[in-house]
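> Structure for the following, please:
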Amino acid sequence: KHYYRQLPSEQWDGMNADVAKRHLKVAYQLSGESENGIPSEIDAALHRIETTKKVEAALPFVHNHDRLVMFNGALHLNTSTAKAWAPHLEAQEWGVNFPWIANHIDALFVHRMDDGTPIYIQRDVFLKWASIWFRQIHEGKPSKGHALFIAGPAGTGKTLLTTNILGKLVGGFGDASAFLVGGSKYNDALCGRALWTVDDSLPALTKGGHDQFSALLKAAVANGTVRFEKKFGASGDMPFYGRIIVTLNDDPTSLSILPNAELNLMDKIILLQTTGKKAQIKGDWYVMDELINSELAAFARFLLDYKPADEPLEAVRFGFDAYHDANLADEASANGPNGMLIGAIDTWRKLYADLRQEETEWVGSISELLGLMEGSTATQVIARQTNVNRMGRAIKQALSEGCDWLAYFKADRFTSRKVKVTLR
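This is a model prediction of the structure:
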């Protein structure tokens, strides 16, 4: 059993009974002496606390402005001390009083056509995502929202955006790599943070690790709860209304962390691709920190008032439909088991086409296709790890996603299905 007191720093401190008694004695000059069977002042105070101020547990309900919060039918003490950056009092125009932040976001997300015409869609998606979240935080009514993936070359300032700008804006961030990717179940340090980040310096995941990452991501975003685990301490479910941002480089190894698109997850994530422009760093870390701090209030006000021109905010789940950069969506599809099977078929068909220059297509059963793939050094490992039913499901999914070099058909109702692979 713990008693909680709020320190001058506004942090909440859990005390056992002995510490609580000493605190009451020193801070409030209460007596611990009992006379003639009458409870001492300290015992009376503890009894009153236990009967009128009892809570189920003490948890950080981040950016919920209420000190006592009902969760899962029980009253909880909200120990969160996270505070969002205070917005400017006056309305702001894009980049006027936060030029460096605006230029940095433009450099990351405003792509260009061959003739130089700007394409603003990815920047506007980012601003929608950030404005919905910051408005919820400002109002003390946090809610669920998309996880955000940002992919691009190293040195473009992806991590600078997430930790130095967004992290400050929402009152702090936590590195969730060990919990979401590394297999650690201990996440108590994260649970008091509104922003969870996964950086792009991670090694390639095993299949099991990738599946676990996708499952944890889906649970946190869709359910709005996470499992709280403290080493040698308490555990239990708690709400998660923060956001998860994954920054990654655009090389094949880094992109392999993109979640499995086959896990009904794509409507819960946003995939943004950066332009590749190098971040414009001014001075050392201290200079940049001061510069960002000087612009954050204006940027916060801009987000608070932001209204996109193309659609109303909060009209659908999470405020707007998920957006996926086309190239990154293809990578996510390839990361699932079905995507890997289709990739193996594609590898086989190109090798087969080189050997059979006179042929334009191959037609046969899935069993025959698997047999041919097992005979090829380039595809035999994947072919031996699958079966006819899995291959059939992978082909059906590929066709539903518009694959134009595969067909899966029955010549008539008396024959089994055939696969047609266009070779060239």
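> mind listing the helices in the stretch 101-250 of the chain by residue range?
121-139, 158-159, 167-169, 177-180, 207-223 (DSSP state H, counting those that start in this stretch).
> Select, out of those, the one closest to residue 20.
Across the helices of the stretch 101-250 of the chain, residue 20 has its closest neighbour in helix 177-180 (32.0 Å, C-beta to C-beta). (C-beta placed from N, C-alpha, C; glycine too.)
> In the stretch 251-400 of the chain, where is pLDDT below threshold?
The stretch 251-400 of the chain contains residues with pLDDT under 70 at 261-263, 310-316, 334-336.
> neighbours around residue 132, how many?
21 (other C-beta atoms under 10 Å).
> sorry, back to before: please point out the stretch among the helices of the stretch 101-250 of the chain with the lowest average pLDDT.
Mean pLDDT is lowest for helix 207-223 out of the helices of the stretch 101-250 of the chain, coming in at a mean of 81.
> Can I get it in CSV, CA atoms only?
Provided in CSV are the C-alpha atoms of helix 207-223 (Å, rounded to 0.1, in the frame of the first residue of the first chain):
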residue,chain,number,x,y,z
LYS,A,207,10.3,-12.2,-38.7
GLY,A,208,9.2,-12.9,-35.1
GLY,A,209,10.4,-9.5,-34.0
HIS,A,210,8.7,-7.8,-36.9
ASP,A,211,5.4,-9.5,-36.2
GLN,A,212,5.7,-8.5,-32.5
PHE,A,213,6.4,-4.9,-33.5
SER,A,214,3.4,-4.8,-35.8
ALA,A,215,1.1,-6.4,-33.2
LEU,A,216,2.2,-4.0,-30.4
LEU,A,217,1.8,-1.0,-32.7
LYS,A,218,-1.7,-2.1,-33.7
ALA,A,219,-2.7,-2.7,-30.1
ALA,A,220,-1.5,0.7,-28.9
VAL,A,221,-3.1,2.7,-31.7
ALA,A,222,-6.4,0.7,-32.1
ASN,A,223,-7.2,-0.2,-28.5
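> before we move on, back to that, rebuild the helices of the stretch 101-250 of the chain as a markdown table, extending it with distance to residue 339.
Shown next, in a markdown table, are the helices of the stretch 101-250 of the chain (distance: least, C-beta to C-beta, whole Å):
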| stretch | distance to residue 339 |
| --- | --- |
| helix 121-139 | 23 |
| helix 158-159 | 25 |
| helix 167-169 | 33 |
| helix 177-180 | 21 |
| helix 207-223 | 12 |
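> Select, out of those, the one closest to residue 285.
helix 158-159 (12.7 Å).
> What's opposite the residue nearest the centre of the chain in the beta bridge?
Geometric centre of the chain, nearest residue: residue 244, 2.7 Å, by C-alpha atoms, centre = their mean. With DSSP bridges applied, residue 244 shows beta-bridge pairing to residue 196.
> so it touches residue 145, yeah?
No - under the criterion of C-beta atoms under 8 Å, residue 244 is not in contact with residue 145, lying 9.3 Å apart.
> The residue nearest to the centre of the chain: what's it in contact with?
147-148, 176, 180, 196-198, 217, 220-221 (C-beta atoms under 8 Å, 6 or more residues apart in numbering).
> And the pLDDT at it?
Residue 244 is given a pLDDT of 95.
> Kindly report the same for residue 233.
65.
> same check, this time on the one 3 residues further on
According to the per-residue confidence, residue 236 scores 75 in pLDDT.
> separation between it and residue 145?
Note on residue 236: its distance to residue 145, by C-beta to C-beta, to the nearest Å, is 23 Å.
> quick one: which of these two has more around it?
A side-by-side neighbour count of residue 236 and residue 145, using other C-beta under 10 Å, places residue 145 first with 23 against 13.
> residues in contact with that one?
Here residue 145 is in contact with 129, 132-133, 136, 221, 241, 243, 318-319 (C-beta under 8 Å, 6+ apart).
> what about the closest residue to it other than its chain neighbours, distance to residue 379?
In space, and not counting its chain neighbours, residue 145 is closest to residue 318: 5.0 Å by C-beta to C-beta, 6 or more residues apart in numbering. In this view, residue 318 and residue 379 are 39 Å apart by C-beta to C-beta.
> Can you pull the phi/psi pair for residue 361?
Backbone torsions of residue 361, given as degrees, to the nearest 10, read phi -150, psi 160.
> Skip the chain neighbours and tell me the closest residue to it.
residue 422 (5.3 Å).
> Looks like that neighbour contacts residue 359 (just checking).
No - checked against C-beta under 8 Å, the pair residue 422 and residue 359 is beyond contact range at 10.4 Å.
> Which of the helices of the stretch 101-250 of the chain sits closest to residue 152?
Using C-beta to C-beta, the helices of the stretch 101-250 of the chain put helix 158-159 closest to residue 152, at 6.1 Å.
> thinking residue 159 is in contact with residue 199, fair?
Yes - under the criterion of C-beta under 8 Å, residue 159 lies in contact with residue 199, with a separation of 6.1 Å.
> Need the overlap of contacts for the two.
residue 247.
> separation between the residue nearest to the centre of the chain and residue 138?
According to C-beta to C-beta, residue 244 stands 20 Å off from residue 138.
> hang on, the earlier thing: higher neighbour count, residue 422 and residue 359?
Neighbour tally, residue 422 and residue 359, criterion other C-beta under 10 Å: the higher count belongs to residue 422, 14 against 11.
> Tell me the pLDDT of the more buried one.
94.
> what stretches of the stretch 51-200 of the chain score poorly on pLDDT?
200.
> Strands of that one, residue ranges please.
57-59, 68-71, 74-78, 111-112, 118-119, 147-151, 173-175, 195-198 (DSSP state E, counting those that start in this stretch).
> Quick check: which helices or strands does the last one pack against?
Of the remaining helices and strands, those touching strand 195-198 by 3 or more C-beta pairs under 8 Å, 6 or more residues apart in numbering; DSSP states H and E are strand 173-175, helix 177-180, strand 243-248.
> now with 7 Å?
Applying 3 or more C-beta pairs under 7 Å, 6 or more residues apart in numbering; DSSP states H and E, one finds that strand 195-198 contacts strand 173-175, strand 243-248.
> Might one say that residue 176 is in contact with residue 197?
Yes - in this structure, residue 176 is within contact of residue 197 by C-beta atoms under 7 Å, at 6.3 Å.
> who's more crowded, the two?
residue 176 (26 against 22).
> ok, now which ones touch that one?
Residue 176 is in contact with 190, 196-198, 244, counting by C-beta atoms under 7 Å, 6 or more residues apart in numbering.
> farthest pair in the residues you listed?
Counting by C-beta to C-beta, the most remote pair of the contacts of residue 176 is 190 and 198, 11.3 Å apart.
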